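>>> sharing a model prediction with you, sequence too.
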Amino acid sequence: MKIEVLGSGCRKCTKTAEQINTAGAELGADFSVEKVTDPKAMMQYQVMRTPAVVIDGKLVHSGSIPDHDTIRNWFE
């Protein structure tokens, strides 16, 4: 599973990536997390608010730090 966290690299974006890493490790998932700060990449997904999360090329969340249960559901 390829997970991208799109944003400027702000505290919220960093926290989102950390929480995804934590939840994935708890579940023993096979995944990678990449922080993407390129505005062109954000425009590709039509992201207007960050942080945004893209999983395997599909935008699944934007505009806030996702809660723990939401993140766990992405892995299931």
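Perfect, I can see it now.
>>> for residue 56, the count of nearby residues, please.
Neighbour count for residue 56, taken as other Cβ atoms under 10 Å: 10. (Each C-beta comes from the backbone N, C-alpha and C, glycine too.)
>>> right, and it touches residue 1 too?
Yes. Applying Cβ atoms under 8 Å, one finds residue 56 in contact with residue 1, separated by 6.3 Å.
>>> any regions of this structure where pLDDT drops low?
Applying pLDDT under 70 to the chain flags no residue at all.
>>> got the CA coordinates for the host helix or strand of residue 43 in PDB?
Per DSSP states H and E, residue 43 falls inside helix 39-44. In PDB, the C-alpha atoms belonging to helix 39-44 read as follows (Å, rounded to 0.1, in the frame of the first residue of the first chain):
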ATOM      1  CA  PRO A  39       2.100  22.000  -5.300                       C
ATOM      2  CA  LYS A  40       1.700  20.300  -8.700                       C
ATOM      3  CA  ALA A  41       1.000  17.000  -7.000                       C
ATOM      4  CA  MET A  42      -1.600  18.600  -4.800                       C
ATOM      5  CA  MET A  43      -3.300  20.100  -7.900                       C
ATOM      6  CA  GLN A  44      -3.300  16.700  -9.600                       C
END
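>>> packing partners of the following helix or strand past it?
Sequence order places strand 52-55 as the next helix or strand after helix 39-44, per DSSP H and E. When contacts are defined as 3 or more Cβ pairs under 8 Å, 6 or more residues apart in numbering; DSSP states H and E, strand 52-55 sits against strand 2-6, strand 58-62.
>>> need those strands in TSV with distance to residue 50, can you?
Output for the helices and strands packed on strand 52-55, formatted as TSV (distance: least, Cβ to Cβ, whole Å):
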stretch	distance to residue 50
strand 2-6	6
strand 58-62	7
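>>> I'm done for today, thanks for sticking with me.
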